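Just to be clear, the model below is a prediction. Sequence and coordinates:
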Number of protein chains: 2
Amino acid sequence: MTSRPFEFQVAATCNRARAGAMETPHGSVPTPAFMPVATQGSVKGLLPQEVRDLGATVILSNTYHLYLRPGIDYIEKAGGLHAFMGWNGPLLTDSGGFQVFSMGSLTRLSDQGVTFRSHIDGGLHGFTPEEAVRYQERLGVDIMMCLDQCIAANEGDGRIKEAMDRTHGWAVRCRETWNSPHQALFGIVQGGISKGLREESTRFITGLDFPGHAVGGLAVGETKAQMYDMVSYMDQLLPRDKPRYLMGVGSPEDLVQCVARGMDLFDCALPTRVARNGALFTPAGRVGITASRFKGTTGPVVEGCDCYTCRNFSISYLHHLFKAKELLGLRLASIHNLRFVQRLMEEMRSKILDGTFESYAQDFLAAYKPTSESVRMAQKERWLEMRTGS
Amino acid sequence: MTSRPFEFQVAATCNRARAGAMETPHGSVPTPAFMPVATQGSVKGLLPQEVRDLGATVILSNTYHLYLRPGIDYIEKAGGLHAFMGWNGPLLTDSGGFQVFSMGSLTRLSDQGVTFRSHIDGGLHGFTPEEAVRYQERLGVDIMMCLDQCIAANEGDGRIKEAMDRTHGWAVRCRETWNSPHQALFGIVQGGISKGLREESTRFITGLDFPGHAVGGLAVGETKAQMYDMVSYMDQLLPRDKPRYLMGVGSPEDLVQCVARGMDLFDCALPTRVARNGALFTPAGRVGITASRFKGTTGPVVEGCDCYTCRNFSISYLHHLFKAKELLGLRLASIHNLRFVQRLMEEMRSKILDGTFESYAQDFLAAYKPTSESVRMAQKERWLEMRTGS
């Protein structure tokens, strides 16, 4: 592995959708890209090699979780997070800010930083922006995130502006702390669903010359329409020569909608979490694998699907594994959903490159039915994820 | 796949230990052999390909569980158990008798058969010896087991004799029902820890000319010394030209002790069950992976171990996965323990073939320490397994 600086190139656009590539010390990431979530240093139930085999080129882990358990020291001594978890590809960590606010029990928040109680044992801990960057440098990840304060869209403009201003101050200190040329640091734009605040935040964050930009504070309570509108607006504001990472988004319909709105990078625990609950992605929407109609069904979950699960097992067998509460079911369902999402990203990239993305996206969205219930569930699950880190 | 009759050959002996091979329609089984347990049609958490990769040549599933869920009809329609679960190697099913008595709620027991309530939904079901064989024929497995009545060694000679006599009557009817030339049917010797009853049962069962014999009714409550004594006695009684399957035995020390006493085939859920509880096999005995001393340990669980887990991950990472309750930990620990047992079987076979088995067995048993606690736990776990089917 040759250590080289972070690079990003847009190879083609199709209206607002972009196809490109990020170069990192641990390899190339064709974009648009979805990052499977390895919160605690493991994509739940899957081997690193399986994650690679299903087409993922970059995965996400979490500084807050790894700091609390097993601890940054232990991972550093093990040779860094890549070596510790056995993933030799590109690796991004969230800073932990999001989890401090959503999972930890916050005890003090100031411009200086945060103190919080661990969700594991109640122990008292503190994060400053400087520490968040140093921890990620010691983890050795390819892409680090600034510490930010993420609050829900329905908190009110006053509180959202306060959190945004604090995020800006922290971004400056993160930028000044960043000292490792082989690791990239992304800035995070906040501002809720206020166009004014988003504009202000984008101006501030892009002024700090980060190698990439993230859109934070979406998919945390606003409606889908509000989220899509704000993503469209962010597309107008953000510089085109740097990657745009839409944090916490990953349902199939949202991925298509937001690639169409110029986003490059995504992460979400939803595909694996709903898989473990027996909800499998199909081109028509999610299906519940425990439905009795699948008991005698001999074909795969999705006809023609190239995932390991569909190539090797029937929907009837998956139904059985879930009814019998067999561990293998969680794994086969996770593989199917992650591969569904990875293939979606690959296809979108290919369609952007050949100029047919718009009809592809229209066809996908016409067939894929997120029921109003599933829209609500998606919101709810996103909040659940915050609390459980799953 | 060519359908061919079941065959067994002993290639070499070393004192009482035997090395041989069973030929089945789905492939060859070098013996002595350990069968990983796929009670409900899945070795818990593992893909069939992984089970194959760790060296298993034959696995065990359970008629009682599959009959109740998903049902024999569904599996038959799916093309049989091999196709349903994606295992294309040799496959043995227990008849379900053991589980009817240990898990189901027995409502009536007579020479005719058993009626019981399902442990899943309380529904009323019945098994006759004829049905037990027909179900296994319809599952399409390579080796079927007769319906038997298994009771604990401490039940008293009167009840043990009664169960033995009933088992004999059922064996006759199973033998008469057996109608598929490409499937083997094994008879089961009962008789508890009474030499007289074991002798009587062996005479009866071997008189029915089954292609293989199982020793039932051990590892169900007697002491280890009593079990080893009885296995030695069974070695004297059973014909040498047919395979001997010691049911429900599978701790590393028991496997060595009982291969040394002339047994060829074994099954047990213990290696995977203790793995899921964080107990990993090492040449010195089991270690608890959550012990704090493993937090900073960078080497593998067992230095030089060729399992996927030890080749790719540190004991420190496994410790982390278990502390963080990550699904992947269950899987990596199961792979390690099953590979430990498979390698043990491979090494024993090789040492029998080259005539050095006895010193190998002595060295293994001198190094491997089952504490008195672990002996008790092994007994307890065996009973637990009956109740939970895990």
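Cool, the structure landed.

Distance from the chain centre to the helix or strand hosting residue A:167, please.
According to DSSP states H and E, residue A:167 maps onto helix A:157-177. Distance of helix A:157-177 from the chain centroid (Cα atoms, centre = their mean, to the nearest Å) equals 21 Å.

Which strands and helices lie in contact with it?
Helices and strands touching helix A:157-177, as assessed by 3 or more Cβ pairs under 8 Å, 6 or more residues apart in numbering or on different chains; DSSP states H and E, comprise helix A:129-139, strand A:184-189, helix A:195-206. C-beta: built from backbone N, CA, C; applies to glycine.

so what's residue A:96 up against?
The contact partners of residue A:96, taken as Cβ atoms under 8 Å, 6 or more residues apart in numbering or on different chains, are A:62, A:63, A:64, A:65, A:67, A:127, A:132, A:135, A:147.

And for the fifth one, the neighbour number?
What it means is residue A:67. Neighbour count of residue A:67, defined by other Cβ atoms under 10 Å in any protein chain shown: 23.

Residue A:135 is in contact with that one, correct?
Yes - Residue A:67 lies in contact with residue A:135 (Cβ atoms under 8 Å); the separation is 5.8 Å.

in the helix holding residue A:167, what counts as buried?
A:160-161, A:163-168, A:170-175, A:177 (16 or more other Cβ atoms under 10 Å in any protein chain shown).

Near chain B, which residues of chain A? Just list them.
For chain A, the residues in contact with chain B (Cβ under 8 Å from any Cβ of the partner chain) are A:40-47, A:65, A:69-70, A:74, A:77-78, A:84-86, A:295-296, A:298, A:312-314, A:316-317, A:319-321, A:323-324, A:326-328, A:330-331.

Weed out the non-buried ones from those residues.
Buried subset of these (neighbour count, 16+ other Cβ under 10 Å): A:40-47, A:65, A:69-70, A:74, A:78, A:84-85, A:295-296, A:313-314, A:316-317, A:319-321, A:323-324, A:326-328, A:330-331.

Which of these fall within strands?
Nothing among those maps onto strands, per DSSP state E.

Dump stretch A:161-168 to CSV, restricted to CA.
Taking C-alpha atoms only, stretch A:161-168 is exported to CSV below (Å, rounded to 0.1, in the frame of the first residue of the first chain):
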residue,chain,number,x,y,z
LYS,A,161,-28.5,28.1,14.6
GLU,A,162,-26.8,27.7,18.0
ALA,A,163,-25.8,24.1,17.2
MET,A,164,-24.6,25.3,13.7
ASP,A,165,-22.4,28.1,15.2
ARG,A,166,-20.9,25.7,17.7
THR,A,167,-20.3,23.2,14.8
HIS,A,168,-18.5,26.0,12.9
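
Mean confidence (pLDDT) on stretch A:207-223, please.
Mean pLDDT, stretch A:207-223: 94.

Span of it from start to end?
Taking Cα to Cα, to the nearest Å, the first and last residues of stretch A:207-223 lie 30 Å apart.

mind listing what's buried in the longest helix along chain A?
Determined from DSSP state H, the single longest helix within chain A is helix A:327-353. Across helix A:327-353, burial judged by 16+ other Cβ under 10 Å covers A:327-345, A:348-349, A:351-352.

so how far is that helix off the chain centroid?
Distance, centroid of helix A:327-353 to centroid of chain: 14 Å (Cα atoms, centre = their mean).

Also stretch A:292-302?
31 Å.

can you list contacts of it?
Stretch A:292-302 has contacts (Cβ under 8 Å, 6+ apart) with A:280-283, A:287, A:289, A:309-311, A:313-316, A:318-320, A:336, A:340, B:70, B:74, B:77-78.

out of the helices and strands packed on helix A:157-177, deepest packed?
Greatest average neighbour count among the helices and strands packed on helix A:157-177 goes to strand A:184-189 (a mean of 27), per mean count of other Cβ atoms under 10 Å in any protein chain shown.

For chain B, what's the nearest residue on the stretch 201-350 of chain A?
Nearest residue of the stretch 201-350 of chain A to chain B (Cβ to the nearest Cβ) works out as residue A:327 at 3.8 Å.

Please name the residues that touch that residue.
Residue A:327 sits next to A:45, B:42, B:44, B:45, B:327, B:330, B:331 when contact means Cβ under 8 Å, 6+ apart.

how much space is there between the residue nearest to residue A:57 when sequence neighbours are not counted and residue B:31?
Excluding the flanking residues, the one nearest residue A:57 by Cβ to Cβ, 6 or more residues apart in numbering or on different chains is residue A:29, at 4.8 Å. Look at residue A:29 and residue B:31: by Cβ to Cβ, to the nearest Å, they are 50 Å apart.

Compare those two (neighbour count), which wins?
It is residue B:31, of residue A:29 and residue B:31, that has more neighbours when counted by other Cβ under 10 Å, with 29 against 25.
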